[in-house]
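Asker: Here's my sequence, what's the structure:
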Amino acid sequence: MEQLFAIDIPSMTAEHSFLGHGVLAIASCHLSCLTSDESSKAKYTAQGAGYMNTGIPLYSQVVQKPTQHNTGALFAFACIIVLYTFFSSNQEYEEILMSYSSAEHYMSHQYPDPQLTARLTGLVVRLCDSIQGIFRVFWKCQQWVLSSPLLPAVQRHNTQRPTERQVLWARVEDQELAKLERLWTDGDDIHMVDDSDGVTGTVTPNRWQQALSGALLALRMTAMMVTQLVILDEDTQQDDPNSFSKAIPAVNPMETLHRIHRSLSDGRLEDMPSAFTWYVTLSSDFCQLLQEGDFHAMVLLAHYAIIMDRACSRKWWVGNIPSHFVATARLVLGRERESWIQWPLSVVRGVNR
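Answerer: Predicted coordinates for the structure are as follows:
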């Protein structure tokens with residue numbers, strides 16, 4: 001992947017001007033992350049926005065007529081759009097959340113301004129659309145992409161078999177994720193809900209239940225795949241797998257989930273596209289629920305942040321997006337439903353506990 005962005009993609013810019021603007025945009029954004037000088041940071045960020053604003057109209061024209069010659073450049077620019085969207089969304093999240101005192105909201109038991117939540121959830125949907133844009137190009141020109149220099153971007157990179165402990169961890173996490181479905185299918189309280197607040201799961205129309213259940217299934221599949229694809233660090237690999245297995249029934253369930261997340265976060269995920277599988281499979285109905293700030297959709301978003309935190313937290317272009325997802329869900333859900341996202345609140349780095 002390093003060669004892809006350092007050599008292969010830049011080599012295509014001479015023939016495809018829109019891609020040249022995209023490369024300059026993402027380079028400027030990267031530079032803004034490497035400096036601590038606020039004026040330089042602002043300058044590079046503005047330059048990045050300018051390059052993207054120039055490149056996107058050119059890309060929009062070319063993508064209407066893909067050919068074997070330009071498909072590699074189109075796919076590369078679609079990837080750059082994702083990087084830029086994450087970078088810019090992270091900045092917008094921080095501006096919005098800084099302008100609103102979440103602590104004051106939390107203590108006052110009041111819901112945030114609907115315009116605020118609409119802006120926050122709109123960023124989530126924008127990210128979803130950018131990632132799905134990559135695959136719209138891919139499926140339209142699959143054979144051409146596979147024969148282009150962009151092949152490494154869609155290849156599976158980890159042929160290593162998951163360890164015994166990873167299979168166990170995937171099973172433990174999947175069992176916890178599966179419980180979420182009861183939030184919208186049961187009318188009775190479940191253990192994830194704070195009984196003292198009297199909050200119960202609500203029955204939703206069948207169409208939306210299907211959208212939520214489909215998104216949850218995709219989340220479970222993505223989580224299981226990422227957990228088993230992570231290459232564990234040497235210390236974790238040398239641990240006795242049986243010691244962790246025996247400890248699971250004996251410790252607090254949330255502590256178990258925290259230990260799993262910490263161990264996986266210390267590893268590395270070479271198959272980065274696998275972490276975005278959830279986004280790719282989301283239905284338009286579920287995206288609508290996200291946009292509208294549906295409680296249950298926010299719960300799934302917060303739990304997806306766990307995957308992003310362990311898979312992408314070291315990437316400069318991701319920034320604090322995982323913790324921003326959890327913060328968004330927390331604001332929308334309110335204090336009385338906070339127990340629905342206890343797991344992500346406990347493990348995602350950067351979240352105010």
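
Asker: What pLDDT is listed against the residue most central in space within the chain?
Answerer: Residue closest to the mean C-alpha point of the chain, counted by Cα atoms, centre = their mean, is Met308 at 4.7 Å. If you check Met308, the pLDDT there is 95.

Asker: Apart from its neighbours in sequence, what residue is nearest it?
Answerer: In space, Met308 comes closest to Pro322 once its chain neighbours are excluded; the distance is 4.4 Å by Cβ to Cβ, 6 or more residues apart in numbering. C-beta: built from backbone N, CA, C; applies to glycine.

Asker: for Phe138, same thing?
Answerer: Using Cβ to Cβ, 6+ apart, the closest residue to Phe138 is Val145 (5.6 Å).

Asker: what's around the one you found, how many residues?
Answerer: A total of 24 residues lie near Val145 under the criterion other Cβ atoms under 10 Å.

Asker: In CSV, please show the C-alpha coordinates belonging to the one helix or strand it maps to.
Answerer: Val145 is part of helix 142-146, with elements assigned from DSSP states H and E. Extracted C-alpha coordinates of helix 142-146, given in CSV (Å, rounded to 0.1, in the frame of the first residue of the first chain):
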residue,chain,number,x,y,z
GLN,A,142,-14.0,-4.5,-11.7
GLN,A,143,-11.9,-6.3,-14.3
TRP,A,144,-10.1,-3.1,-15.3
VAL,A,145,-9.3,-2.2,-11.6
LEU,A,146,-7.9,-5.7,-11.0
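
Asker: mind checking how far that helix is from the chain centre?
Answerer: 25 Å (Cα atoms, centre = their mean, to the nearest Å).

Asker: ok, and what's touching it?
Answerer: Contact partners of helix 142-146, identified using Cβ atoms under 8 Å, 6 or more residues apart in numbering, comprise Pro66, Thr67, Gln68, Thr71, Gly72, Phe75, Val137, Phe138, Leu151, Val154.

Asker: If you rank those by neighbours, which is first?
Answerer: Phe75 (28 neighbours).

Asker: That one and Arg136 touch, don't they?
Answerer: No. Using Cβ atoms under 8 Å as the test, Phe75 is too far from Arg136 to be in contact (10.4 Å).

Asker: circling back: show me which pair in the contacts of helix 142-146 is furthest apart.
Answerer: Thr67 and Val154 (18.8 Å; Cβ to Cβ).

Asker: Can you pull out the low-pLDDT segments for the stretch 251-353 of the chain?
Answerer: Applying pLDDT under 70 to the stretch 251-353 of the chain flags residues 251, 353.

Asker: Can you name the next helix or strand after the helix or strand of the chain at the bottom of the mean pLDDT ranking?
Answerer: Of all helical and strand segments in the chain, the minimum by mean pLDDT, DSSP states H and E falls on helix 102-108, at a mean of 48. Going down the chain from helix 102-108, the next helix or strand is helix 114-140, by DSSP H and E.

Asker: what's that following helix packed up against?
Answerer: helix 71-99, helix 277-281, helix 284-291, helix 321-333 (3 or more Cβ pairs under 8 Å, 6 or more residues apart in numbering; DSSP states H and E).

Asker: which strands and helices sit next to the last one?
Answerer: Right, the one you point to is helix 321-333. Right, helix 321-333 is packed against helix 71-99, helix 102-108, helix 114-140, helix 295-312, helix 342-347 by 3+ Cβ pairs under 8 Å, 6+ apart.

Asker: Then the shortest one?
Answerer: Helices and strands touching helix 277-281, as assessed by 3+ Cβ pairs under 8 Å, 6+ apart, comprise helix 114-140, helix 206-229.
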